[in-house]
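> Need the 3D shape of this:
(2 chains)
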Amino acid sequence: MDPIEQLALAGEALGRAATEGLRRGFAMPWLWHFALHAAAVVLLWNFAHPAFSEFVAPVMAALAGPAALHYPDAPLALPAALAHAERSVAWLLTPLVAAWSAALVGRRMRPHPPGHSGGVGDVLARVPVMIPVGALVVLARNASIGIAADALAGVHQRPMMSVAVWCGATAGEFALLTAAALLLPLLVIDDVPITQVVSQWAYAWHSAGAAAVGIAAAMVALGVAWRFAYTRLGHAAVATPDLLPPLAIAGALAAAMGGALFCIAATIAYGSLVRDQE
Amino acid sequence: MMALMSAVMAAGIVVAGLAGCRGNADLWDRYRSERMLWKAQRLAAGATADRARESRAAMALEAIPTAFPPSVWTAADAWARPMGREIARNAASAALLRARLDEDAERAAVAVTGYARVASEWGRVDSVRVLANAGRARCLERLDRDAEALDAWYALASRDVATAPGGEARGRLLEAPRRAAEWLAATGRPEAADSLRRAAALGFAAATVALGGDSTVMDVRIAGADLLDQAGDHALARNELRKALASVRSAHRRAAIWLALVRSAAAEDAPDSAGACVDAMETEISGPPARFAEQALARCWARRNVADSALAVYKRLVERSPDGADPAAEARLERASLLERQDRWEVARADLRTLATLFPSHPCGLAARVRIVRHSVEKGETELAAVEARHTLLELDDQLSRQGDPESRIRVRMARAEVMTMAGRGAEALDDLDAIWRLEGRRAMAVPAGWLAARLADSALSRPDQAHLWYTRLAEQSKDLGVRRMAREGLARETKH
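Residues are numbered from 1 along each chain as shown, chains lettered A, B, ... in the order given. Model prediction:
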C-alpha cells in the first residue's frame, strides 16, 4: 500500500478503536489501568480518613512531604504525589497493559496457533521481551513530556529557547510513539524474539510506516491538546483545591482512553498492513 | 465522577472497616478543622463589602468551634496530644476571626463581647488569647470606653514578651505599651505615659536577653527604642538600636535599624548625629530606607531653620529619587514650603508648579496647586488670586473628568473645595465635601474631607452650625481614635463659643 492509503487506513483504525474499543472489550485492560489510578487518587485524597490513615498517610507523607498532611497543601500536592507514584510504576504497568490490550485485539483479528489464547497468559509469556523494550519507550516518552512541560513553563523568561526545546521534545515523543506503534504488535502478536526485533521492525516500517506515523501524529496532537487544557484547568483549580482530585481522576481517564486508542489502533493497522500482506 | 469517587471511597471504607483499620482520628479532625478554617477564611476575606458573603463567612466560622468545642479540645487529654493542640488552635482562630468580622463591620459592641468570649473559652491557646485581648482593647477604644480600654492595653503591656507567643500575637504585645501610653498622654497624664514607656522599654530589654538568638529580638529592640524615643530618652533609644545593629546580618533588617537610628536623632533635633548616621548607612543601604532617612534629616535641618543644609539634602533627595516616588514629591513640597518661609517665593512657585505637573493626582501635587492660590490670597493679591483660582479650578475639573480611581477623585475634589473656598465659593465647597462624606463615609479617605469641611466651616465660612455638624460626624463615625479625640476637642471649642 502506498503511504496515502496507509494514512487513510490509520484514520480508519483510529475510528474503529474509538467506536469498537469499549464495545468489544479491547479497552478492558485500560479500564483496569484507570480504576487503579482512580483508586490511588481517592485514597490519597482521603489519606486522613480514619479508615485509611493508618497506611495511606505515611505514603502521602513519603510522596509529597509532611506538609502535605495539612489542608490545603494536601490537595495542592496531590498531582505531584500522583505523578511521583506513577513514575515509580509506569515503566512496568504501562507495557503490561498495552501488551494485554494488543493481545486482545490480535486474538479477535486472527485466531492464534494452538497453545496461544491471546489473553493474560500470552501477555505474561511475552513479559521478558515486553518489559525491557516497553520500559525504555515509556521512560523516554515520560522524559520528553517532562522536558516539553518544563519548556512551556519557562516560555515567558526565554521564549525562543523554550519553543525550540518544546518542539524538540514533542518531536522526540512523536518518534517514540511511531516506533511503539510498530513495536507493540510486533512483540505481542508475532512473538518476535528480542534478537530479531530490529530486523523485523525495519520490515514492518517498510510495510506500515506511514500508518504508524499517522497514528503517532494523531496521538501526539491529542496529548498536546489535553496536556495544555489540563495545565490550564490545574492552574485555575489552585484557588479551589478540592477540584484538584476530580481533575486528577479526569486526567487518569484521559490517559487510559489515549492508551487504549493508541494500542487498539496500532494493532488493527499492523494486522491489516503487515500480517494480512504475508 | 463524584458518584464514582464516592462509590470507590465507600467500598474502601467498608473494606478497611472489615479489615479492622482504626486509623488516626486526630489526623482526620485536624484535616477537617484546617479545611473548614481555610474555606471560612476565604469567605471572610473582603466580606465586609458584601452583606450576603459576610453572613456566609460568619456561619462558616461559627461552625468550626461548634464542631470542635473548647470544652473538648482545651481539656487536658486533648491538649496533651500535639494534633489536639493544633485542632484547638484552628477552632480558636475561627472564633477569633468571627469576632474580627464584627469589628471590621463596625459592630464594636458585639465584637467586644465576642473577643471576651474567645479569650475566656480559648484561654489555653495563648496566641489567640493575646490577639482576642488586643481586639477587645481596640473595640473598647472605638466605643470610647476609655477606662476599660486603658485597662485592656495595660494588661497586655504587662505581659512578659520573652514568654509570650510569637508571630502576630508578639506584635500586638509590642504595640500594647505604646497604645496605653498614648491613652495616658491623651487624658492629660504625660508623666505616667513616659514612665510606662520607660518601664516597658526596660521589660523589652530584659526580654531580648531571655530570647537570645530568636529572630524576633530585633523587633523587640526596635519597639523598645521607639518607646524610649517617645519618652524623650533618645540617647538610650539609639543605644538599643546600635545593639540591635551589631547582631543583625540581613540587609533588609539593617536598613530598618539604620532608619530608626536616623529618625531617633532627628526626633531629638540632633541633625549632626542624624547626618552622621545617614553618611554611615549610605555605604550599605540604598533604596526607600535611605531616602526616608534623608527625608528625616532634611526635616530636622528645616525644623532647626538651617535652610542651606536642609535645601542641600532636599536637592540630593529629589535628584536620587526615581520619578514618581513619594519621597520625591514630599521633598519638593517641603522644599517649596521652606523656600516660601525664606521669602524666595519665585523659586518656591517654580518648584510647586513642577510638582503639580509631575504628580497631578498625588496629595503633594494637589497641595502644591492649593498652595500657589493660597499664597496670593495671603499676600492680598486679589486679582492674581482670582486668576490663579480660576485656572486651578479648570485644571482640577479637567482632572476629575479623566480620573477613574475613587481615592484620587476624592483627593482632587478636596483640593477643588479648598480652592473654591479661597475663590469665595465656600458654601458650594461645603456641599461638595458633604457629598464626598455621604458617598465615602466608611473610607479612611473621607476623614480628611471631613476635617477640611470642619475647618472651612469653623474659620473661612464662620458657620458654627456646620462646624458642629462636621465635628459631630467625625467624633461619632471615624474609626481613628486620634481623629475622634480631636473632633471632640473641636466640638468643645464650638460649644464654648
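> Dihedrals phi and psi, A:Pro50?
When read as degrees, to the nearest 10, the backbone of A:Pro50 gives phi -60, psi -30.
> what's the answer for the one 3 residues further on, then?
When read as degrees, to the nearest 10, the backbone of A:Ser53 gives phi -60, psi -30.
> Go ahead and confirm it touches A:Phe47.
Yes: distance between A:Ser53 and A:Phe47: 6.2 Å, which falls inside the contact criterion (CB atoms under 8 Å). For the C-beta atoms, the positions are set from N, CA and C on the backbone; glycine is no exception.
> May I see the buried residues of stretch B:256-271?
B:256-268, B:270-271 (16 or more other CB atoms under 10 Å in any protein chain shown).
> Now tell me what touches the helix or strand harbouring B:Cys139 from outside.
Element membership for B:Cys139 (DSSP states H and E) is helix B:126-142. Among residues not part of helix B:126-142, those counted as contacts by CB atoms under 8 Å, 6 or more residues apart in numbering or on different chains are B:89, B:92-93, B:95-96, B:99-100, B:103, B:108-109, B:111-112, B:115-116, B:118-119, B:122-123, B:148-149, B:152-153, B:155-156, B:159, B:164-169, B:172-173, B:175-176, B:179, B:479, B:481.
> Which among the residues you listed count as buried?
Here, 16+ other CB under 10 Å leaves B:89, B:92-93, B:95-96, B:99-100, B:103, B:108, B:111-112, B:115-116, B:118-119, B:122, B:149, B:152-153, B:156, B:159, B:164-165, B:169, B:172-173, B:175-176, B:179, B:481 buried among the contacts of helix B:126-142.
> among these, which are in helices?
With helices defined by DSSP state H, the entries of the buried ones among the contacts of helix B:126-142 inside them are B:89, B:92-93, B:95-96, B:99-100, B:103, B:108, B:111-112, B:115-116, B:118-119, B:149, B:152-153, B:156, B:169, B:172-173, B:175-176, B:179, B:481.
> Nearest spatial neighbour of B:Met281, chain-adjacent residues omitted?
On the basis of CB to CB, 6 or more residues apart in numbering or on different chains, the spatially nearest residue to B:Met281 that is not a chain neighbour turns out to be B:Trp258, at 3.9 Å.
> residue contacts, the one you found?
The contact partners of B:Trp258, taken as CB under 8 Å, 6+ apart, are B:245, B:277, B:280-281, B:284-285, B:289, B:293.
> For it, pull up the helix or strand it's in.
B:Trp258 is part of helix B:251-267 when elements are defined by DSSP H and E.
> Helices of the stretch 301-450 of chain B, start to end?
With DSSP state H, counting those that start in this stretch as the criterion, the stretch 301-450 of chain B has helices at B:307-320, B:326-341, B:345-358, B:363-378, B:382-402, B:406-422, B:426-440, B:446-455.
> helices or strands up against the last one?
The criterion is 3 or more CB pairs under 8 Å, 6 or more residues apart in numbering or on different chains; DSSP states H and E, and the helices and strands that helix B:446-455 contacts are helix B:406-422, helix B:426-440, helix B:464-477, helix B:481-496.
> got the angle for the first one vs helix B:345-358?
This means helix B:406-422. For helix B:406-422 and helix B:345-358, the angle between their directions (axes from the mean of the first three to the mean of the last three CA atoms, to 10 degrees) works out to 150 degrees.
> just the strands in chain A please.
Assignment of strands within chain A using DSSP state E yields no ranges at all.
> Please name the nearest non-neighbouring residue to the residue in it positioned nearest to chain B.
Across chain A, the shortest distance to chain B (CB to the nearest CB) belongs to A:Pro50, at 3.3 Å. The shortest distance from A:Pro50 to any non-neighbouring residue, by CB to CB, 6+ apart, is to B:Gly23 (3.3 Å).
> And the one you found, how close does it get to B:Arg32?
According to CB to CB, to the nearest Å, B:Gly23 and B:Arg32 sit 13 Å apart.
> what does B:Ala111 give?
B:Ala111 sits at a distance of 27 Å from B:Arg32 (criterion: CB to CB).
> same check, this time on B:Ser127
As for B:Ser127, its distance to B:Arg32 is 21 Å (criterion: CB to CB).
> cool, B:Leu261 as well?
Using CB to CB, we find B:Leu261 at a distance of 49 Å from B:Arg32.
> A:Val198 too?
Distance, A:Val198 to B:Arg32, using CB to CB: 58 Å.
> Neighbour count: the two, which is higher?
B:Arg32 (18 against 9; other CB atoms under 10 Å in any protein chain shown).
> Can you tell me the closest non-neighbouring residue to the more buried one?
Using CB to CB, 6+ apart and skipping residues adjacent in sequence, the residue nearest B:Arg32 is B:Ala67, 7.3 Å away.
> My read is that the one you found contacts B:Leu37, right?
No: counting by CB under 8 Å, B:Ala67 sits too far from B:Leu37 to count as a contact (10.6 Å).
> Looking only at neighbour counts, state which of those two leads.
For B:Ala67 and B:Leu37, the more surrounded residue by other CB under 10 Å is B:Leu37, and the numbers stand at 21 against 15.
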